[in-house]
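Asks: Okay, sequence plus prediction incoming.
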Amino acid sequence: QDLQGVVQAERGQPVPGAVVSALGATAASVVSDASGRFTFRNLPEGPYLVRVHLQGYLPVRSHLVEVRRAPGTVATVT
């Protein structure tokens, strides 16, 4: 299944270049694009702890996201 979302700063502006990690049935990481968007592809179903890291930004609280069949799971991380 896919897990997609967007990384935004406090005022809603997109954050490109952030490393987004998903830890659950498997571990994966991706980098947000110029629009702050990210996509994990083909994740096994189940709960994932999603974290975002980028130098110069304060660390954000991890988000617990449930990846399910049908349509992809969407998360916004601020």
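Replies: Looks like it came in fine.
Asks: quick one, phi psi at residue 56?
Replies: Dihedral angles of residue 56 (phi, psi; degrees, to the nearest 10) stand at phi 100, psi -10.
Asks: Report how many residues lie close to it.
Replies: Residue 56: 4 surrounding residues under other Cβ atoms under 10 Å. Yep, even glycine has a C-beta here, placed from its N, CA and C like the rest.
Asks: Now do the longest strand seen in the chain: which elements does it pack against?
Replies: If you go by DSSP state E, the chain has its longest strand at strand 46-53. In terms of contacts (3 or more Cβ pairs under 8 Å, 6 or more residues apart in numbering; DSSP states H and E), strand 46-53 is packed against strand 3-7, strand 19-23, strand 63-67, strand 73-77.
Asks: ok, the first one: who's next to it in the sheet?
Replies: The one in question is strand 3-7. Using DSSP bridges, strand 3-7 pairs in its sheet with strand 37-40 (antiparallel), strand 73-77 (parallel).
Asks: Find the residue at the geometric middle of the chain.
Replies: Centroid check for the chain by Cα atoms, centre = their mean gives residue 20 as the closest residue, at 5.0 Å.
Asks: Go ahead and confirm that residue touches residue 36.
Replies: No - the pair residue 20 / residue 36 is not scored as a contact, 10.0 Å apart, by Cβ atoms under 8 Å.
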